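Novice: Sharing a model that was predicted from the sequence below.
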Amino acid sequence: MDVDQSLLEKLEGLFGDEPFGFVDEELFKWFLFMYSGKGSGIKDLDILNFELFNDKLNLLINAVYQYHQELK
């Protein structure tokens, strides 16, 4: 995604047209959580800390996925 795109343009490119598939629905829930103010602290991260956050977020997502797979 281009950094010069607006948030709306990025979201349209990410989610596409409705109806959403299962993946898009789950991703949209995560977006709403962050957009509703719960993720607003991200604005205070400099680029190095954002990259660290991004790396750790990916690890967290993988851990949550694995946890729910084990619950099945």
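Specialist: Received it, and whenever you're ready, just let me know what you need.

Novice: if you go through the protein in chain order, where are the strands?
Specialist: Counting by DSSP state E, the chain forms no strands at all.

Novice: In it, what helix or strand scores lowest on average pLDDT?
Specialist: helix 7-15 (a mean of 85; mean pLDDT, DSSP states H and E).

Novice: what about the lengthiest helix in the chain, distance to the chain center?
Specialist: Counting by DSSP state H, the longest helix found in the chain is helix 47-71. Centroid separation between helix 47-71 and its chain, computed with CA atoms, centre = their mean, to the nearest Å, is 11 Å.

Novice: now for it, which elements pack on it?
Specialist: Contacts defined by 3 or more CB pairs under 8 Å, 6 or more residues apart in numbering; DSSP states H and E place helix 47-71 against no helix or strand at all. C-betas here are computed from N, CA, C, even on glycine.

Novice: List the contacts of that helix.
Specialist: 42, 45 (CB atoms under 8 Å, 6 or more residues apart in numbering).

Novice: for the record, mean pLDDT for it?
Specialist: In this model, helix 47-71 has a mean pLDDT of 95.

Novice: ok, and for it, which residues are buried?
Specialist: By neighbour count with 16 or more other CB atoms under 10 Å, helix 47-71 contains no buried residues.

Novice: Report the buried residues of the least confident helix or strand of the chain.
Specialist: By 16+ other CB under 10 Å, the buried positions in helix 7-15 come out as residue 15.

Novice: what does that helix contact?
Specialist: Contact with helix 7-15 is made by 1, 5, 24, 27, 28, 31, as judged by CB under 8 Å, 6+ apart.

Novice: ok, how many other residues are close to residue 39?
Specialist: 13 (other CB atoms under 10 Å).

Novice: What of residue 5?
Specialist: Residue 5 sits with 12 neighbouring residues when counted by other CB under 10 Å.
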